[in-house]
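Chemist: When you get a sec, could you give me coordinates for this:
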Amino acid sequence: MEFEDEIHIQLPREELWDLVSDPEALASCVPGAKEIEQLSETKYRGIIERGIAGISINLIGEVEMTKLNPPENLVALVEGQDPKTNSRMDATAEMSMEDNGDGSTTLTYHVDVEFTGRLATLGARIVKRKINSDIGLFFDNLRSRAES
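Modeler: So this is what the prediction gives:
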């Protein structure tokens, strides 16, 4: 499943970069994030609790920033597993930031997500709708945090 969009944030690109490259700040924007642990400069482990179609999941996973090009773009690889539902999620997330010349930034994102296990049996429309909602909520939270 692929998701992409762009959002405009009233923050200069360099300051937005500082925010999107800060794992603790990002974790505070992720719906359902319960904990985060830094494993290295570019790798983190965490837990996300979410519900989808009446199924409660606890994704235990890692995020690794594989490409960092400050302050223009980053790529992160995400993997998570929920042992209770025998589900797995793998994702690649890319963010690019363009300076608008007026103190604001346009952030463009592309996220490619794949689920296996019980979650994959729920149907692509149900899962896609929930993931799209959570991605939208993440970027709304990011914008709120950046502009406050």
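Chemist: the helices in this structure, which residues?
Modeler: 13-20, 23-29, 124-147 (DSSP state H).
Chemist: quick one: buried residues of the longest one?
Modeler: The neighbour-count criterion (16 or more other C-beta atoms under 10 Å) identifies Val127, Lys130, Ile131, Asp134, Ile135, Phe138, Phe139, Leu142, Arg143, Ala146 as the buried residues of helix 124-147. To be clear about C-beta, it is placed using only N, CA and C from the backbone, and glycine gets the same treatment.
Chemist: Between these, which sits nearest Leu74?
Modeler: The shortest gap between Leu74 and any of these belongs to Leu142, at 13.1 Å (C-beta to C-beta).
Chemist: Which parts of this protein are strands?
Modeler: 2-9, 33-38, 43-52, 55-69, 73-82, 87-99, 105-116 (DSSP state E).
Chemist: Least confident of those, on average?
Modeler: For the strands of the chain, the stretch scoring lowest in mean pLDDT is strand 33-38; its value is a mean of 88.
Chemist: What is the burial count for Gly80?
Modeler: Other residues near Gly80 come to 21 when the count uses other C-beta atoms under 10 Å.
Chemist: next one: the one 4 residues further on
Modeler: Counted with other C-beta under 10 Å, residues neighbouring Lys84 total 11.
Chemist: Can you tell me the closest non-neighbouring residue to it?
Modeler: With C-beta to C-beta, 6 or more residues apart in numbering as the measure, Asn58 is the residue that lies nearest to Lys84, at 6.8 Å, once sequence neighbours are left out.
Chemist: what bridges to that neighbour?
Modeler: Bridge pairing for Asn58 (DSSP bridges) gives the partners Glu49.
Chemist: What separation is there between it and Arg143?
Modeler: Counting by C-beta to C-beta, to the nearest Å, the separation of Asn58 from Arg143 is 27 Å.
Chemist: do Gly51 as well
Modeler: From Gly51 over to Arg143 (counting by C-beta to C-beta), the distance is 24 Å.
Chemist: What of Leu122?
Modeler: According to C-beta to C-beta, Leu122 and Arg143 sit 29 Å apart.
Chemist: Contact partners for Ile52?
Modeler: Neighbour list for Ile52: Leu119, Leu122, Ile126, Val127, Lys130 [criterion: C-beta atoms under 8 Å, 6 or more residues apart in numbering].
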